[in-house]
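# Sequence and predicted structure, then a few things I'm wondering about:
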Amino acid sequence: MRYTGAEVLAVADAFTDAVLDVFGGPPWEHRDRAAILERLRRDVHRPGFTAILSFSDSGAVDGFATGWITGAPFRTDRAYGRVTARLGPERVADLLVGALEVDELGVRERVRGTGLGRRLLAELTTEAPDGHAWLLTSRHAHDAVAFYRRAGWWEPEAVPGMDNDVLVFLSPTHTGRFDSAAGR
């Protein structure tokens, strides 16, 4: 089910349960219910905020995808500073600003391998401006990294000497206008 803006707050408890289940352990930092809810309450006001949720028959959220349009100036909180360090400010502005940012994508273990993650990601990115979407993940999230690569997402090359623990992926439809390093 697609939610835009604050509509998703009506199912915030079920969403939070799923986030805690999926991202409650390393390398993720989502371990506090109140912090997840507070972040969701802030995020729903971002331009273009969208949440795609898949519910089980019991009403639990089995999978979720959230995102919004990346604005300018590019943020510096959370892991965004590491994204800028990895790509450089000019490439961030060219590749990421104005694109759909996939903020969260998660599927509960009981439904992994069913294609749900791929469907959620595809539905969230259907309205990406010019087909441009991006996401970041931890280099240590091996299953997530493998999933994005299998789904055709690609990594722009890091600025020499600026490789770090954050990986940036661009959607298969992202033209990477400025990124000649990846052959795009």
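Okay, I see it. Numbers count the residues shown, from 1 in each chain.
# Next up, phi/psi of residue 154, please.
Backbone torsions for residue 154, taken as degrees, to the nearest 10, come to phi -130, psi 160.
# how deep is residue 146 tucked in, by neighbour count?
Neighbour count of residue 146, defined by other CB atoms under 10 Å: 10. All C-beta atoms are positioned from the backbone trio N, CA, C, and that covers glycine.
# Where does it fall, secondary structure wise?
Assessed by DSSP states H and E, residue 146 sits inside helix 142-150.
# For that helix, give the mean pLDDT please.
For helix 142-150, the mean per-residue pLDDT is 96.
# check contacts around residue 131.
171, 173-175 (CB atoms under 8 Å, 6 or more residues apart in numbering).
# What separation do you get for it and residue 167?
20 Å (CB to CB, to the nearest Å).
# same check, this time on residue 122
With distances taken as CB to CB, residue 122 is found 20 Å from residue 167.
# Give me the pLDDT value at the residue nearest to residue 18 when sequence neighbours are not counted.
Spatial nearest neighbour of residue 18, excluding adjacent residues (CB to CB, 6 or more residues apart in numbering): residue 61 at 3.8 Å. On pLDDT, residue 61 comes in at 98.
# ok, now which ones touch residue 61?
Here residue 61 is in contact with 11, 14-15, 17-18, 53-55, 108 (CB under 8 Å, 6+ apart).
# right, and residue 140 touches residue 167 too?
No - here residue 140 does not reach residue 167: they are 9.7 Å apart, not a contact under CB atoms under 8 Å.
# Between these two, which has more neighbouring residues?
Using other CB under 10 Å, the more surrounded residue of residue 140 and residue 167 is residue 167, with 23 against 12.
# Helix or strand: which one has the more buried one?
Here residue 167 is assigned to strand 166-170, by DSSP H and E.
# next one: phi and psi at the closest residue to residue 144 other than its chain neighbours?
Excluding the flanking residues, the one nearest residue 144 by CB to CB, 6+ apart is residue 137, at 4.9 Å. With angles defined as degrees, to the nearest 10, residue 137 sits at phi -150, psi 170.
# likewise residue 14?
phi -70, psi -40.
# Tell me how many other residues surround it.
For residue 14, using other CB under 10 Å, the count is 18.
# Would you confirm that it contacts residue 58?
No - distance between residue 14 and residue 58: 10.0 Å, which falls outside the contact criterion (CB under 8 Å).
# Nearest spatial neighbour of residue 31, chain-adjacent residues omitted?
Closest residue in space to residue 31, ignoring its immediate chain neighbours: residue 24 at 5.7 Å, by CB to CB, 6+ apart.
# Tell me how far that neighbour lies from residue 113.
20 Å.
# between these two, which one's more packed in?
Applying other CB under 10 Å to residue 24 and residue 113 shows that residue 24 carries more neighbours, namely 12 against 9.
# What are the boundaries of the helices in this protein?
12-23, 33-43, 80-87, 89-95, 116-125, 142-150 (DSSP state H).
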